[in-house]
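**Student:** here is a sequence together with a model predicted from it:
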Amino acid sequence: VDAAVAPKILADKKVVVTAGPTREHIDPARFISNPSTGRMGYALARAASAFGADVVLVSGPTTLDAPAGVRLVEVTGARQMHEAVMAEADSADFIVKAAAVGDFRPKQASDQKVEKGAMAGKLELERNPDILAELGQKYGARTDGPLVVGFAAESFDVVERGKAKRERKGAHMMVANKIGGARSAFGADESQVAVISDRGVTEYGPASKDALSREIWREAVALANSRTG
Ligand code: CTP
Ligand code: CA
């Protein structure tokens, strides 16, 4: 969107967007991560900025440049992302969790490179904090705090699973996207999403991540307006 002509539907709003994968180190030479490129989150940050918002982009490791005018907070692991998001949450009007947060991290991380023979068959994992669930628990039932938007990456039963995930996590809005297939999600130019909230389900795409970002913000703003009257 051309910032000069975009309607300022997010003027005076603070927006926190998370993007990219997280990375959990096993040792300095090895980590566990996922295929997220960060493109959806960066597109959302760019669109929010064009719509007039004050944008904080909390990003895991990506090869992308931060959009102009956006404050970039770079993180590596899920715990670091958790801390960065919570530090910005209370003062935010919208929090959009587009990041592909790793569900697990190695139980033991080593500062020194581990001998491969010593690691074979021994890698134990533990759960990371669920940032979205914590945000949902804190703000989901309120009408005055930030509007909490989650993403659901699903490979089947996209809308049904997205709905269930929204309820489980207490998010106000869930953007469910289909992973797998040439035209969707991870690494693709285009994506296809279902926006789920108390207002119903609306499907968008296949369309560019920029175009989808604009639709997602329009939905989020409409939902925010509907809850405050
Ligand atoms: N999420 C999060 N913290 C985590 C895991 C996920 O904040 N530790 C967020 C993601 O940023 C996304 C949403 O939760 O907005 C859904 O992520 P997803 O991986 O689809 O859901 P999970 O609950 O992790 O379920 P699963 O991976 O088992 O499908
Ligand atoms: Ca997950």
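**Tutor:** Thanks, I have it. Residues are numbered from 1 along each chain as shown. Ligands and ions are numbered 1, 2, ... in the order given.

**Student:** interface residues of this protein facing ligand 1?
**Tutor:** Within the chain, the positions near ligand 1 by C-beta under 6 Å from any ligand atom are 78, 97, 99, 101, 103, 128-132, 150-153, 165. C-beta coordinates here come from the backbone N, C-alpha and C atoms, glycine included.

**Student:** contacts for the lowest-mean-pLDDT helix or strand in the chain, please.
**Tutor:** Within the chain, no helix or strand scores below helix 116-119, which has a mean of 88 by mean pLDDT, DSSP states H and E. Defining contact as C-beta atoms under 8 Å, 6 or more residues apart in numbering, one finds that helix 116-119 is touched by Ile26.

**Student:** what pairs with the helix or strand just after that helix, parallel or antiparallel?
**Tutor:** Once helix 116-119 ends, the next helix or strand along the chain (criterion: DSSP states H and E) is strand 125-127. Paired with strand 125-127 in the same sheet, following DSSP bridges, are strand 104-106 (antiparallel).

**Student:** pull out the buried residues from the partner strand.
**Tutor:** By neighbour count with 16 or more other C-beta atoms under 10 Å, strand 104-106 contains the buried residues Arg105, Pro106.

**Student:** and the contacts of that strand?
**Tutor:** 24-26, 32, 77-79, 123-128.

**Student:** what do you get for stretch 214-222?
**Tutor:** For stretch 214-222, contacts defined as C-beta under 8 Å, 6+ apart pick out 1, 9-10, 44, 47-48, 51, 94, 96, 147, 149, 173, 175, 193, 195, 197, 199, 202, 204, 207.

**Student:** go again with 6 Å.
**Tutor:** Under the contact criterion C-beta atoms under 6 Å, 6 or more residues apart in numbering, stretch 214-222 has outside partners Val1, Ile9, Ala47, Phe51, Phe94, Val149, Val175, Val195, Tyr204.

**Student:** and the helix or strand hosting Glu167, how far from the chain's centre?
**Tutor:** Per DSSP H and E: Glu167 is located in helix 158-169. Centre-to-centre, helix 158-169 and its host chain are 15 Å apart (C-alpha atoms, centre = their mean, to the nearest Å).

**Student:** for that helix, the averaged confidence score.
**Tutor:** Mean per-residue pLDDT for helix 158-169: 97.

**Student:** start and end of stretch 175-189, how far apart?
**Tutor:** Terminal residues of stretch 175-189 lie 17 Å apart, using C-alpha to C-alpha, to the nearest Å.

**Student:** likewise for stretch 107-127?
**Tutor:** 9 Å.

**Student:** circling back to that earlier point, identify the farthest-apart pair in the contacts of strand 104-106.
**Tutor:** Arg79 and Leu123 (18.4 Å; C-beta to C-beta).

**Student:** helices of this structure, residue ranges please.
**Tutor:** Remark: helices assigned in the chain by DSSP state H are 39-50, 78-89, 116-119, 131-139, 158-169, 209-228.

**Student:** now do the contacts for the residue positioned nearest the centre of the chain.
**Tutor:** In the chain, the centroid-proximal residue (C-alpha atoms, centre = their mean) is Ala98; its distance is 1.5 Å. Going by C-beta under 6 Å, 6+ apart, Ala98 touches Ala19, Met40, Gly41, Leu44, Phe151.
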